[in-house]
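>>> Need a 3D model of the following:
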Amino acid sequence: MARSDSKTLLIVDDEKNTRDGLRDALEDHFEVYVAADTAGALAALEADPADVMITDLRLASEDGMDLIETVLKLPRPPICIMMTAYGSVDTAVQAMKRGAYDFVTKPVNIDRLEILIQRALRDRETRKENEDLRKQVGQRNGLEAMIGHSPVMTEVFETIQQVAPSRATVLIQGETGTGKELAARAIHALSTRAAKKFVPVHCKAFSSQLLESELFGHERGAFTGAFERRAGRFEQAAGGTLFLDEIGEIDENTQVKILRVLGERTYERVGGNQTLQADVRLVAATNKDLASLVAEGKFRDDLYFRLNVVQVTMPPLRIRKEDLPLLVQAFLKESSKENGKPLREFAAEAMACILDYDWPGNVRELRGAVEHAVVMCSTSRIGVRDLPPSVRLAPSTPNSDDPAEIIDGLNLHQSERTFIFRALEESGGNRTAAAQRLGISRRTLHRRLKELKLNI
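Numbering: from 1, shown residues only. Next up is the predicted model:
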């Protein structure tokens, strides 16, 4: 078996002097094995997979290129380097095409060969790191889960990618439903702690006493109902990331204890005196303005500065409406699959309603609205009637003082969808009659339908 601290080489050559000479020259820096032919090479690789295989082009009656093709199909293939006295550009190109990393000629310059081997090993390590990073990004809790191409979201993505590999604490701010936990999960997934746990705590869900126990754990008998020792979230997240959502809700006593963890990296369980080490990356989030809470004396300034090393601000959906089509399509695909309804698109007028609405509940509200539409849809396309009433009947922002658009003292824009739909329904779809009911001209009704992209 190979030593755990060294890289393994397999040298394949039908000339004993060549393979033994290379082994003697390289074994100071590598664990070296030798084989005289294809059968011996495959047997050696099956017994102990090598990091690098150096094979001659001519192996008696066998072909070294065929050997390279064969070993590259193994579950753990080595880096392959071709070695031959028949050096030519054509031979080198053929070796590369069939999977060789590089090509050396005999007589072999040992110093150059060692440099080539080290470069190959570094390149393989770099490729592995890149593949690992792509896998992390592709995970559901990576950036792939955060959808958007608007400038504000691009800035968020860049900040996350920059801060994720560091050890810095991160404060994520934003309105409810903007995706703060998704951002925290992306930071974890792209960090060096990705292989360990991501542990979320929603601070607002616990009373002060319960939150302290939830975070730091407790000893048996620490309080009524504490029948046994319990590990807290700091302990559960060891080596990983602890996400404290709604950090603005915690009381001063708990703030002091979290501040100590950030400063000293130690804590005790509730009711205990054993000092424990806190090996966690802390990410916090809030929908409140912590700076204002600090100014009001409701949040400790020293903890705020500790948490706010890097700030990520999640934008509300109303200022990144160019992301709506992407989000809608993603949620439609997800909800259609979950509900067993193969719907692929929204009608233009339904999409117009979605684009016109301000989404006070942000992405969370949008996801719910799309699922509502999927459930309610009875045709092949989602229409206006399938949307939640809060969306399809939402008043638009007033933008006109045209007296022709005034009904009973109300500006039509404040509730135009409600009036238009009701008037058309009561008129059986007759636009002239609907305009008369609304107290406006048919031309005005036609213009408003066109502006709202309502093909009713």
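
>>> Tell me which stretches of the stretch 201-350 of the chain form strands.
241-245, 266-267, 276-277, 281-286, 310-313 (DSSP state E, counting those that start in this stretch).

>>> possible to save the ones you listed as CSV with mean neighbour count, mean pLDDT and distance to residue 209?
From N, CA and C alone the C-beta is placed, and that goes for glycine too. Compiled in CSV, those are given as follows (neighbours: other Cβ atoms under 10 Å; pLDDT from 0 to 100; distance: least, Cβ to Cβ, whole Å):
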stretch, mean neighbour count, mean pLDDT, distance to residue 209
strand 241-245, 25, 97, 17
strand 266-267, 16, 92, 16
strand 276-277, 16, 91, 19
strand 281-286, 25, 96, 20
strand 310-313, 17, 95, 30
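
>>> Can I get those strands in a markdown table including distance to residue 23?
What follows is the strands of the stretch 201-350 of the chain, written out as a markdown table (distance: least, Cβ to Cβ, whole Å):
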| stretch | distance to residue 23 |
| --- | --- |
| strand 241-245 | 47 |
| strand 266-267 | 52 |
| strand 276-277 | 47 |
| strand 281-286 | 46 |
| strand 310-313 | 52 |
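
>>> Can you say which of those is nearest to residue 204?
strand 241-245 (7.7 Å; Cβ to Cβ).

>>> Give me the residues contacting the closest one.
180-181, 184-185, 187-188, 191, 193, 196-204, 233-234, 250, 258, 280-286 (Cβ atoms under 8 Å, 6 or more residues apart in numbering).

>>> Residue 364 reaches residue 175, doesn't it?
No - with contact defined as Cβ atoms under 8 Å, residue 364 does not reach residue 175; the gap is 9.9 Å.

>>> Am I right that residue 9 sits in a strand?
Yes - counting by DSSP: H, G, I helix; E, B strand; the rest coil, one finds residue 9 located in a strand.

>>> Adjust the sequence numbering to begin at 26 for everything that follows.
Happy to do that; since the first residue is 26 now, the last one works out to residue 34.

>>> quick one: contacts for it?
Going by Cβ under 8 Å, 6+ apart, residue 34 touches 51, 55-58, 75-79, 142.

>>> Nearest to residue 170 among the residues you listed?
Closest to residue 170, out of all of the contacts of residue 34 and judged by Cβ to Cβ, is residue 76, at 35.5 Å.

>>> need the helices for the stretch 176-325 of the chain, in chain order.
176-188, 205-214, 233-241, 258-261, 277-289, 315-320 (DSSP state H, counting those that start in this stretch).

>>> Give the buried residues for the last one.
Of the residues in helix 315-320, those buried by neighbour count under the rule 16 or more other Cβ atoms under 10 Å are 315, 318-319.

>>> Just checking the distance from the particular helix or strand that has residue 119 in it to the centre of its chain.
For residue 119, the host element (DSSP states H and E) is helix 114-122. Distance of helix 114-122 from its chain centroid, counting by Cα atoms, centre = their mean, to the nearest Å, is 40 Å.

>>> any idea of the mean pLDDT for it?
Averaging pLDDT along helix 114-122 gives 74.
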